[in-house]
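1. predicted model follows, preceded by the sequence.
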Amino acid sequence: MKPLFTPKKFQNHFLLRLYILSVLFLTGVFSANAAVQFAENKGQWNEQAKYRSDLPGGNVFLTNDGFMFTFFDSEDLKKGHDASLASKDVRLKCHTYKVTFKNSSTVSIKPGATVPGYSNYYIGNDPSKWASHVNAYSEVLYENLYPNIDLKVYSVGESFKYDLILHPGARISDIIMHEEGVENIFIKGGSLVYQTSVGNIAEKIPAAYIVDGSKQKKVECNYKINGHDITFDINGVNIAGREFVIDPALVFSTFSCSTASAFGCNGSFDSSGKTFGSAVVNGQGWPTSFGAYDISYAGSTDVGIHKFDPVNAGTVWATYLGGFSTDVPLGMLCNSTDELFVFGTTSSSDFPVGSSAYDSTYNGMNDMFVSKLSYDGTQLLGSTFVGGSNDDGANNSSTSMSGFYETAGDLFIDPSGNPVVGCYTMSTTDFPSVEGYQPTNGGETDGCIFKLNNSLSSMLFSTFLGGISDDIITAICENAAGDIVVTGATLSNNFPVTAGVYQGSKVGVGDIDGFISVLNSGGSGLTYSTYFGPTTSGEKGFRVAVNSTGNIFVFGGSLGTVPVSPSVYTNQNTGTFLAKFDPALATLMLCTAYGNGLGALCLIPSAFKIDDCDHILCAGFTTSTSGGAYMPTTPNAFQATSADYQDIYVNIFTRDMDTLLYGSYIGSPTYEHSHGGYDRFDDAGNLYYALCTQSAFPITNPTYCSTSSGGYDMICFKMSYTDLCVPSAPPVPDFICSQTNLCPGACINFTNYSTNATSYLWNFPGGTPSTSTAANPTGICYSAPGTYNITLTASNSGGSASLTQASLINVFVPVPVTLVQIGDTIFATTGFIMYQWYYNGVPVTSGVQPWLVPTQNGTYSVTALDPNDCASEFTLPNVIASVDALNSNQGISIYPNPNSGSFTIEIATGMGWKEFTLTDVTGKIIISEKIEGNKIVIDRRKVSLASAVYLCRFRSDTGSATRKIIIE
């Protein structure tokens, strides 16, 4: 597909390419052109049906012996669309009739050429009725419908056609078409007219001709009616032995050009840039009666999902998902293997779920659903209900700001492939609450957040989030740390907020306020939460996004005047706002408002993204119903104005919100809009959008009626921006730290020498804190001994690169020091290089000696440095000074003391001392002998004693004594 347009670069900033495909929900595939197609029946429909096709205003089933037509009232189709926008229901008038080829033979029915693409049908909860890889064909041939007569069914443009081919030997009188279910049948101006309760269907005068080689000879042919039978009259022309063709043409005189109605909801993408579009589609199946009847419009809609290649303009596949009631898609997202998760709401008790589903039972009213499709759409890999007995995920009008379709809820896929959903619920005691921050409903409608496992078979967590009044979550995303970020609207004056945030309480009474909340990845804790309702008129967060540094952005609407930051681009008197908060939601860093200046919410946000260069990408649909003012557009706009002021609008701001880089409408002369749900920008900034329209949208490859007469189709488009965010040279991470060998409890700093980087993520295993996004982190502390890696990831718009320095940090194992008092001396563990002594916390002496002679009673402590310069401490309380005094009058005298290694011990007569031992302070015995006199002489010439403190111990039959001696 060639781009719709390729504008020149504007100020060398970016190049825009737009790929648009109109999607018409046909039975079989979503049409790649407007031709009628015939989808095979692989068990998804009644067994009488062989093929099915959607027609303008209705559908047709091909059976063994004829056609079964159903048509809808065109005005009711439009009312159904408008009621869908208002979350209401209408009755849809229908009419079914059958044309049977009377007395025909059992025939061989063969399809013609296969149409590119295929469809999958997951309708109802009976897997035997599901069908995948359903092909559609350009024509169907009935061989020998009558003897020597074939029937070929095909199309010309948007018209259903059939030919009756009479081979030599055939009799035209054998052909009898019997109608059943019409109100009347008559001939007018030669055309056969079927009168029904919803309009007339005419078959023009049939073209008839004899085939003579390569030539065709026209033959006059007319209809004849006999009761309910129709035959053909060729006025006696002899066709014996020649091939003869009768070629009627159906004209749908009162029906809109909308094939099965498709109300576009949301767009998404896969890893290769292929586009998904989802819609609410008319799910009318095999009719149960003939004639006129009514059905509930809302009760006959399914989820339709289309995947196509916007570059090659090819349909990839289409899938129908739903039950017998109302099914609405709200969001779609692919995982890393391009399996598609679909989130939405359903009131169908037979919605397709499997036996392994987390919840396989419909809970009542509206439930939420999450389904998972294989990458090719041919398998429903998982599907589950989520909800309680009240409405879950259904539109809540109390928080509406515009009167337009404002659905809530979205999903993201976590790094483990698990879907995380944010939405809201009116259910109370029976809504699943699993290990969540808020286990009970706060009152009325509450926001809800839940995470399912990858197979949708178990609930990993589920939590309410709300206060006493209505609270809804409109959008959800994940930051780099894995935390969950949500925004939405609240009427509660006690909505859960945290300390130190931007706005801790509600400003107005009874008005809508926005909110932003951050929960931990397990949903069990509220990390940060703030109101954003700076006016008393009302605010609402519609979409939320985070950038690479964790700052939080909200795309929302206000009915008042939000605070506008200095120097930002802004438009006066308008209600669409952009707000930027720090990661802790403490500071409103930037805020602006923009729009058409008419003083109201003029844009319903639908897609939002912060790209790698921090450009702010926005998209939505405009809501103005009166002229005179436009949304701001730029000279490079795809479409500078809007014919009806209700189109898709796309815009891009710089990171500081000071410049509008791009602003453009995309639309037609009539109303473009979305039926809710989340459209997507991918990481490269490409926009994937699905919308609803009823007019000649500016498409690149027309696939719907060339002239619309009021029906609604889904349009998908992909908008690409080239050079919006020019990739930088790859980042090169590099760093050093202030110290690599540490004592426990030490803190260090890091210096960043990376190049070409704009953001950083540090990982410090074992450190506190364990991560940092600062360029040069300081105060990283380590308490546990061991070796630790340091990793720095440097990023820019071109990508990321990581550097890990293995075992960079070594935290020593501390050596403990102890104190013991022996006699009048306190001894410390030896082997340290320095001792600092303290008496009652006051330093007294320091040095290399591991002992201290206390001079006063009290508490003594020491700080000792080991060979790694790591300090250890020990405290000894209740020390009694001068142990020698305790040992006085025991008849022992040692002199000289101190001495150089020779000293004398005199022992008084009659003291009873019998044994003498000399030890060092560790208890090692140096001399041990019996006392046999009154004097002991130690001579250094006989006993070598190093300079140290030694202990002289004396024992008797009744006690002992210890005296200290110092050898210098």
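-> Received, thanks.
2. reduced to three states, what does the residue nearest to residue 376 when sequence neighbours are not counted come out as?
-> The shortest distance from residue 376 to any non-neighbouring residue, by C-beta to C-beta, 6 or more residues apart in numbering, is to residue 317 (6.4 Å). C-betas here are computed from N, CA, C, even on glycine. Using DSSP: H, G, I helix; E, B strand; the rest coil, the structure places residue 317 in strand.
3. domain map for the protein?
-> Residue ranges for the domains of the chain, per automatic domain parsing: 38-252, 403-600, 735-811, 819-879, 887-967.
4. so for the longest one, mean pLDDT?
-> Averaged across domain 38-252, pLDDT comes to 87.
5. then the shortest one?
-> Domain 819-879 shows a mean pLDDT of 88 in the predicted model.
6. distance to residue 688 and mean neighbour count for the domains of the chain - can I get that in CSV?
-> Shown next, in CSV, are the domains of the chain (distance: least, C-beta to C-beta, whole Å; neighbours: other C-beta atoms under 10 Å):
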stretch, distance to residue 688, mean neighbour count
domain 38-252, 18, 18
domain 403-600, 14, 21
domain 735-811, 21, 16
domain 819-879, 59, 16
domain 887-967, 80, 14
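7. using CSV, lay out the ones you listed together with distance to residue 350.
-> Output for the domains of the chain, formatted as CSV (distance: least, C-beta to C-beta, whole Å):
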stretch, distance to residue 350
domain 38-252, 5
domain 403-600, 18
domain 735-811, 47
domain 819-879, 71
domain 887-967, 87
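8. residue 278: which of those domains is closest?
-> Closest to residue 278 of the domains of the chain, according to C-beta to C-beta: domain 403-600, at 12.0 Å.
9. what helix or strand does residue 620 sit in?
-> strand 616-622 (DSSP states H and E).
10. can I get the CA coordinates of that strand in PDB?
-> Written as PDB, here are the backbone C-alpha positions of strand 616-622 (Å, rounded to 0.1, in the frame of the first residue of the first chain):
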ATOM      1  CA  ILE A 616       4.200  13.700  24.200                       C
ATOM      2  CA  LEU A 617       1.900  11.800  21.700                       C
ATOM      3  CA  CYS A 618      -1.800  12.300  22.000                       C
ATOM      4  CA  ALA A 619      -4.900  11.200  20.000                       C
ATOM      5  CA  GLY A 620      -8.600  11.300  20.500                       C
ATOM      6  CA  PHE A 621     -11.900  12.300  18.900                       C
ATOM      7  CA  THR A 622     -13.300  15.800  19.000                       C
END
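11. what pairs with it, and is each one parallel or antiparallel?
-> Strand pairing for strand 616-622, determined by DSSP bridges: strand 603-610 (antiparallel), strand 648-653 (antiparallel).
12. closest to residue 230 out of those?
-> Across those, closest to residue 230 is strand 648-653 (C-beta to C-beta), at 47.8 Å.
13. contact partners for residue 356?
-> By C-beta atoms under 8 Å, 6 or more residues apart in numbering, the contact set of residue 356 is 382, 455, 457.
14. mind putting those into JSON lines with secondary structure?
-> Listed next are the contacts of residue 356 as JSON lines, based on three-state DSSP:
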{"residue": "382", "secondary structure": "strand"}
{"residue": "455", "secondary structure": "coil"}
{"residue": "457", "secondary structure": "coil"}
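15. just the strands in the stretch 651-800 of the chain please.
-> Along the stretch 651-800 of the chain, the stretches classed as strands by DSSP state E, counting those that start in this stretch are 660-666, 680-681, 687-693, 713-722, 735-737, 741-742, 747-748, 750-752, 759-763, 767-768, 771-772, 780-782, 786-796, 799-811.
16. now residue 681. Nearest residue, chain neighbours left out?
-> Residue 681's closest residue in space is residue 609 (C-beta to C-beta, 6+ apart), at 3.4 Å.
17. isn't that neighbour up against residue 619?
-> No - contact criterion C-beta atoms under 8 Å: residue 609 and residue 619 do not qualify, at 9.0 Å.
18. of those two, which one has the most company?
-> More crowded of residue 609 and residue 619, by other C-beta atoms under 10 Å: residue 619, with 27 against 24.
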